[in-house]
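Visitor: Could you look at this predicted model? Sequence included:
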Amino acid sequence: MTDTHTLTSREERRAAGKRLRERVPRESLGQWQPAAQRDPLAILRAGDAGRLVELIPLRYQRMRENAFAFLRGGAAIMAADLEGTPVPGIPVQACGDCHIGNFGVYRSPEGQTLFDINDFDETLWNVDFTVDVKRLAASAALAALPAGEDKARRAAKASVRAYREHMRELSSLSPLAIWHSRIDLDHEVGRLGDGDLCRRLLAEAAQENDDGLSRGDAPKLASEPDPTHPEEWRIADKAPTIFHEGPNGLSEAVRDAAAALLAYPQGLTADRWSLVSRYAQRDVAFKVVGIGSVGLVCAVGVYADGDGAPLFLQIKEARPSVIGQLALAPFSIVSEGQRVIDGQRIMQAASDLFLGTAYSEASGRSYYVRQLKNKKLSAVAEILAESGAKAYARLCGTTLARAHARSGDAAMIAGYLGKGSAFEESIADFAMTYARQSIADHALLMEDFLTEPRSETDAR
């Protein structure tokens, strides 16, 4: 493993990165073939352990929609596929599930509209930078494959080229300047060169309520409550994604999350605690979340201050990262919830003020908490994606470089990447191979579904 924090000059570290090409040629990164005994469905089923059994069928239902949905839910499969593959050994704080669907637009605490990574459930320190780059490129290729292999490869290359070019730019900056860099939406849409697109993006980004909740991103209250009557505060059920009562273990899960939310302020720093203490919890409801997290405990709580101003917090179960086996060296973790919020604070340009952890003594679950305000403005991300697979992939690659440079050695990474196209051509080779493999894996899941006896719940 390379020490990224040795106090040597930028040029010395860039030269050290260049020397790593002798041990791990960039061309070797594009070589991958499935192991002889590879069983992707067995890896998925192993990941069902500890999930809420009532929601497991929904997990597979969502993954059956298409090959890209399968890739999204199969981060553990890709982690297993990357184990033992050559890496240069330059560690970063990795996203761990770095596909193009895990990027989006959100508001910073200062009100800026930023583009950034927005999912950190699998984040982990001390992972080689190529792990995230490969997953990003593979997802870009797979998303663009319906338009043809040529466009798919170009999208994959665009993401990696943008990563390489922005990493080189960042490598000339001081650590503090890198830390303060961010991907501002107003600036980025101007670079897309489409006036109509820019107007649509900026208009959509402005569609937020005064409380910072973007349309469709947050639950709603069942009625307009009277601030003097706490019992009137109730989150409206929105089946099948938001509800208070569920079969078997789901009601218990809501109670567990609500209790953990009550304990959450105890772990905050004094400044955050002083803010949170001005709100009181009024109601908590279960929330079904994205493909890879279906079956984990997740809930949303509504809080109110003395004048009835609402605050929505989400609490989500944190489990060990699926990329744990890819760490360059073992290290200790305080808790899985702490791992998630530490990773978010390291990788995101502007993190949520309400980030915190909680632990349930009753269930033994580790949780992390965040404000729903910083959920991606999904409509904006969808418009960006519509601008073209190549343009969107380029934006994601630029963003990933900035996120990696905050924890990794930008000069050393830039030295390894070089000025030419060798790195992006190699990763594009991998991306195309893995995109085709994801299609084959999805077909296996469909075949398994058609041949496996189904319960009444599955049939519905």
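Guide: Good, I have the coordinates. Numbering: from 1, shown residues only.
Visitor: What are the structural domain limits within the protein?
Guide: The record's domain split for the chain, according to automatic domain parsing, is 10-206+376-459, 230-374.
Visitor: List the contacts of Y279.
Guide: By C-beta atoms under 8 Å, 6 or more residues apart in numbering, the contact set of Y279 is 303-305, 311. All C-beta atoms are positioned from the backbone trio N, CA, C, and that covers glycine.
Visitor: before we move on, the earlier item: redo the domains of the chain as TSV? Include mean pLDDT and distance to K220.
Guide: Output for those, formatted as TSV (pLDDT from 0 to 100; distance: least, C-beta to C-beta, whole Å):
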stretch	mean pLDDT	distance to K220
domain 10-206+376-459	88	16
domain 230-374	90	5
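Visitor: Select only the buried ones of the contacts of Y279 in PyMOL?
Guide: Filtering these down to the buried ones (16 or more other C-beta atoms under 10 Å) takes a single PyMOL command:
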select buried, resi 303+304+311
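Visitor: Show me the contacts of Y279 that map onto strands.
Guide: Per DSSP state E, strands hold the following members of those: 303-304, 311.
Visitor: Of the domains of the chain, which is nearest P219?
Guide: Ranking the domains of the chain by distance to P219, with C-beta to C-beta as the measure, places domain 230-374 first at 4.9 Å.
Visitor: Tell me how many other residues surround R14.
Guide: 20 (other C-beta atoms under 10 Å).
Visitor: was I right about it contacting I413?
Guide: No: look at R14 against I413 with C-beta atoms under 8 Å: they stay out of range, at 9.2 Å.
Visitor: overlap in contacts of the two?
Guide: Counting by C-beta under 8 Å, 6+ apart, the common neighbours of R14 and I413 are S171.
Visitor: Stretch 315-332: end-to-end distance?
Guide: Its start and end residues considered, stretch 315-332 measures 23 Å (C-alpha to C-alpha, to the nearest Å).
Visitor: what does stretch 341-361 give?
Guide: Between the opening and closing residues of stretch 341-361 we find a distance of 20 Å, counting by C-alpha to C-alpha.
Visitor: do the same with stretch 397-415
Guide: For stretch 397-415, the first and last residues are 17 Å from each other (C-alpha to C-alpha).
Visitor: In the stretch 251-400 of the chain, mark out all the strands, start to finish.
Guide: According to DSSP state E, counting those that start in this stretch, the stretch 251-400 of the chain carries its strands in the segments 280-287, 298-304, 310-317, 356-359, 366-371.
Visitor: Could you figure out how far the last one is turned away from strand 310-317?
Guide: Compare the direction of strand 366-371 with that of strand 310-317 by axes from the mean of the first three to the mean of the last three C-alpha atoms, to 10 degrees and you get 150 degrees.
Visitor: Determine the angle, from 0 to 180 degrees, between strand 366-371 and strand 298-304.
Guide: Comparing the axes of strand 366-371 and strand 298-304 via the same axes, to 10 degrees yields an angle of 50 degrees.
Visitor: chain center to strand 366-371, what's the gap?
Guide: What separates the centre of strand 366-371 from the centre of its chain is 14 Å, taken as C-alpha atoms, centre = their mean, to the nearest Å.
Visitor: same check, this time on the shortest one
Guide: Computed by C-alpha atoms, centre = their mean, the separation of strand 356-359 from the middle of its chain amounts to 19 Å.
Visitor: Paired strands for that strand, with orientation please.
Guide: Strand pairing for strand 356-359, determined by DSSP bridges: strand 366-371 (antiparallel).
Visitor: contact partners of the strand it pairs with?
Guide: By C-beta under 8 Å, 6+ apart, the list of residues contacting strand 366-371 from outside reads 257, 260-261, 264, 297, 311-319, 335-338, 340-341, 344, 352-360.
Visitor: one more time with 6 Å, if that's ok
Guide: With C-beta atoms under 6 Å, 6 or more residues apart in numbering as the test, strand 366-371 has contacts from 260, 264, 313-315, 317-318, 335-337, 340-341, 352, 354-359.
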